[in-house]
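1. predicted model and sequence below, questions to follow.
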Amino acid sequence: MAKKTERSQSPHAQKLAEWLDSRFTIPGTNIRFGLDPVISLIPGAGDWIAGMISTYFIVMGVNARLAPSVLLRMGFNILLDVVIGAIPLLGDLFDVAWKANIRNAELLEEYREDAAATERHSRWMLWAVAIGVIGMIIALLVLIGWLIAAVVRAIL
């Protein structure tokens, strides 16, 4: 029964992702976009509204019993879309390029086809992100320490 549910969600996920990320084409180009970047243009709340709509993919993942690492990876895709998408102009361009919903629909499909490989890849991706974040925090702390030392030397 679970397999039947997973199969029925996949076309639904692909269709929703297409509408959100790549339904329309900018005339004269190959640049595709969907409703997600359009919704994100709403001042103040657009990125959050689009992010809330995107969480539906996580709900589909929970219903399909995806591994926690894959669900976290889906959440990271959405979080990155929302956070960077909130930056004026750069965020809009990122929104058109990142396509978090298509990435998450593909994760649903990949997990259905090969759960072990998708879970393994997701774990590696999450570890890489965690190490990168820890590295940035350490670099930021070193920079703050250096700035404090420079200010103290300048004052004394």
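-> Happy to help now that I have it. All values reported here derive from a predicted model rather than from experimental measurement.
2. contacting residues around the residue nearest the centre of the chain?
-> Geometric centre of the chain, nearest residue: Asn77, 1.4 Å, by Cα atoms, centre = their mean. The contact partners of Asn77, by Cβ atoms under 8 Å, 6 or more residues apart in numbering, come to Trp98, Ala100, Arg103, Asn104. Quick note: C-beta positions are derived from backbone N, CA and C, even for glycine.
3. excluding its backbone neighbours, what's nearest Ile84?
-> Phe94 (4.8 Å; Cβ to Cβ, 6 or more residues apart in numbering).
4. and Ser40, how many neighbours?
-> 23 (other Cβ atoms under 10 Å).
5. looking at the stretch of helix or strand Leu147 belongs to now, give me its mean pLDDT.
-> Per DSSP states H and E, Leu147 falls inside helix 115-155. Regarding helix 115-155, the rounded mean pLDDT is 91.
6. how about stretch 69-85?
-> Stretch 69-85 comes out at a mean pLDDT of 92.
7. that stretch: which residues count as buried?
-> 69-78, 81-82, 85 (16 or more other Cβ atoms under 10 Å).
8. Serialize those residues to CSV and add fields for distance to Ile58 and secondary structure.
-> Shown next, in CSV, are these (distance: Cβ to Cβ, whole Å; DSSP: H, G, I helix; E, B strand; the rest coil):
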residue, distance to Ile58, secondary structure
Ser69, 13, helix
Val70, 10, helix
Leu71, 6, helix
Leu72, 10, helix
Arg73, 10, helix
Met74, 5, helix
Gly75, 6, helix
Phe76, 11, helix
Asn77, 10, helix
Ile78, 7, helix
Asp81, 13, helix
Val82, 13, helix
Gly85, 17, helix
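9. which one of those is nearest Thr29?
-> Set against Thr29, the nearest of those by Cβ to Cβ is Gly85 (20.6 Å).
10. circling back to that earlier point, nearest spatial neighbour of the residue nearest to the centre of the chain, skipping sequence neighbours?
-> That would be Ala100: by Cβ to Cβ, 6+ apart, it lies 4.2 Å from Asn77.
11. next one: that neighbour relative to Ile134, how far apart?
-> 23 Å (Cβ to Cβ, to the nearest Å).
12. likewise for Leu143?
-> Distance of Leu143 to Ile134, computed by Cβ to Cβ: 15 Å.
13. what values do phi and psi take at Asn30?
-> Dihedral pair for Asn30: phi -100, psi 10, per degrees, to the nearest 10.
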